[in-house]
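[1] Here you go, sequence then predicted model.
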Amino acid sequence: MYKVNDQEIIEKLKTPKIEQTKTRGVTILAGTVAIILANLLRPLGDYLNLPSNPFVNTIIVMIVILLVWSFYFYMNSRSKKSLYQVVNLEKNSKKRLWIWPQSCKHFFFILFYYLLFLGVAILGLGAFIQFPNAVALITGMFILFFAMLFSLLTVGLGDIKVRFQYVKW
């Protein structure tokens with residue numbers, strides 16, 4: 001954590017509060033359309049089967065995992081650069097802190113969805129190793145990326161309870 005005292009910089013860093021809208025109807029419609037499209041596109045699925053063995057597929061999965069991690073860290077470094085354009089963090093004092101969850105509900109929400117996305121990503125990439133289909137690889141790749149994005153949701157917006165650690169770096 002960095003301590004920023006300049007009020008102008010603090011105003012630049014504040015995120016606007018976005019009101020959530022109800023999307024239940026749109027979600028049900030999107031799920032229905034996805035099921036219909038999946039059934040219509042099933043005959044095209046045979047064209048996406050790849051002729052390879054499990055060893056080669058394992059290497060492909062490792063490369064995909066490295067690409068997803070690289071893209072995630074690239075996006076993280078770009079965010080850090082844009083933060084440095086607003087404030088020079090080297091001039092500010094640095095402290096270490098523990099962030100407490102906003103609520104048990106929020107903690108278990110993040111944990112559940114992180115494990116769910118991670119499990120589905122492992123299933124998708126594992127399915128590609130056994131049954132080499134490009135759909136399983138692409139699906140596993142995107143879901144792995146979304147699982148990594150859940151790290152951004154661990155600290156919510158607003159007031160958060162923290163405890164300072166007095167450890168020298």
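    In hand now; what should we look at?

[2] following the host helix or strand of Ile122, which helix or strand shows up next?
    Secondary structure from DSSP states H and E places Ile122 in helix 104-130. Sequence order places helix 134-149 as the next helix or strand after helix 104-130, per DSSP H and E.

[3] and that following helix, how far out from the chain's middle?
    Distance of helix 134-149 from its chain centroid, counting by CA atoms, centre = their mean, to the nearest Å, is 10 Å.

[4] Which positions within stretch 97-111 qualify as buried?
    Applying a neighbour-count criterion of 16 or more other CB atoms under 10 Å, one finds Pro101, Gln102, Ile110 buried in stretch 97-111. Every C-beta, even on glycine, is put in place using the N, C-alpha and C of the backbone.

[5] what do you get for stretch 47-64?
    Neighbour-count burial for stretch 47-64 flags Asn57, Ile60, Val61, Val64 (criterion: 16+ other CB under 10 Å).

[6] Show me the two of the residues you listed that sit farthest apart.
    Spatial extent of these (CB to CB) is set by the pair Asn57 and Val64 at 10.3 Å.

[7] before we move on, back to that, which one of the buried residues of stretch 47-64 is nearest Ala134?
    Distances from Ala134 to those, taken by CB to CB, are shortest for Ile60, at 10.1 Å.

[8] pLDDT value on the residue of the chain most remote from its centre, please?
    The centre of the chain is farthest from one residue, Pro43, which by CA atoms, centre = their mean lies 31.8 Å away. On the pLDDT scale, Pro43 is placed at 74.

[9] and if you look at Glu11?
    Glu11 is assigned 66 on the pLDDT scale.

[10] helices and strands around the longest helix that the chain contains, which ones?
    Ranked by residue count and defined by DSSP state H, the top helix of the chain is helix 54-86. Packing partners of helix 54-86 (3 or more CB pairs under 8 Å, 6 or more residues apart in numbering; DSSP states H and E): helix 7-13, helix 104-130, helix 134-149.
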